[in-house]
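Student: okay, here's the prediction I keep looking at, along with the sequence it came from:
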Amino acid sequence: MSHPTAYENFKVIIEGSVYDYDLTGDIVVVNRSEIIDLSTLARRYEIQFVLPNCDYIIGSIIVDASLAHLAEELLLNNEDHAAANIEMHFLFKTKQSQTIESIKSVTDCLFNVWGRDRFIETFSTEEYHNGEYKSSSQKIVVSFNRVVTENQADDLYELVNYVITSLEEMQKQGIPFVK
């Protein structure tokens, strides 16, 4: 029998941790998906959740492994090469387009939770219906800017707690969310 890959181990750790928090009522899982791209042999797992009192900011954790990750792990048969990419996404809509100051405020809030050595990107899309402004969709991506190895797997148990803290802190930012 073959040994599970880093991707599979990370997925199980994160999914179990998320559902533990869901079971206690700290969060509510709203979606999960696992996509296996047969043309590139890439795998992607995503689980999304919200705070029980704040369903307008979605937090998600994504585990992503490419064919290169799989080949390094299986062909080299070395735990040091067992790795995958992990990102945290925060999705929300606002009533108005975000200013640079409000984006910096949310980014600083996330740096306070995750530390300054994380890479944080913000993507914004405006939505119009028949030429009339409706809302602005925001996606904030927090990444480690490196692969996560199996040697760091124990750290993943705390990952969900960091996402929950991020959701709580973002809720306090005073952003005009679409609820």
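Tutor: Arrived safely, thanks for sending.
Student: tell me what the residue lying closest to R118 once chain neighbours are set aside is bridged to.
Tutor: Leaving aside its sequence neighbours, R118 sits nearest to V142 (C-beta to C-beta, 6 or more residues apart in numbering; 5.5 Å). Every residue, glycine included, has its C-beta placed from N, CA and C. Beta-bridge pairing for V142 (DSSP bridges): M88, I120.
Student: shouldn't V142 be in contact with M88?
Tutor: Yes - with contact defined as C-beta atoms under 8 Å, V142 reaches M88; the gap is 4.4 Å.
Student: tell me, what's touching those two both at once?
Tutor: S166 (C-beta atoms under 8 Å, 6 or more residues apart in numbering).
Student: where does pLDDT dip in the chain?
Tutor: Along the chain, the parts satisfying pLDDT under 70 run over 1-2, 78-80, 98.
Student: pull the longest helix from it.
Tutor: Taking DSSP state H as the criterion, the chain has its longest helix at helix 6-24.
Student: what element comes up after that helix heading to the C-terminus?
Tutor: strand 28-37 (DSSP states H and E).
Student: relative to the very next helix or strand once past that next one, what are the paired strands and their orientations?
Tutor: Using DSSP H and E, the helix or strand that follows strand 28-37 in sequence is strand 42-51. Paired strands of strand 42-51, with direction, are strand 28-37 (antiparallel), strand 54-65 (antiparallel) (DSSP bridges).
Student: what comes up buried for the longest one?
Tutor: Applying a neighbour-count criterion of 16 or more other C-beta atoms under 10 Å, the buried positions in strand 54-65 are C54, I57, I58, G59, S60, I61, I62, V63, D64, A65.
Student: one more: the first one?
Tutor: Of the residues in strand 28-37, none has enough neighbours to count as buried (16+ other C-beta under 10 Å).
Student: output that strand as CSV, restricted to C-alpha atoms.
Tutor: What follows is strand 28-37 as a C-alpha-only set of coordinates in CSV (Å, rounded to 0.1, in the frame of the first residue of the first chain):
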residue,chain,number,x,y,z
VAL,A,28,-20.1,27.3,9.9
VAL,A,29,-18.7,25.5,6.8
VAL,A,30,-20.4,26.9,3.7
ASN,A,31,-18.6,25.0,0.9
ARG,A,32,-15.9,22.7,0.0
SER,A,33,-14.5,21.3,-3.2
GLU,A,34,-11.8,19.1,-4.5
ILE,A,35,-10.7,19.4,-8.1
ILE,A,36,-8.4,17.0,-9.8
ASP,A,37,-7.2,18.3,-13.2
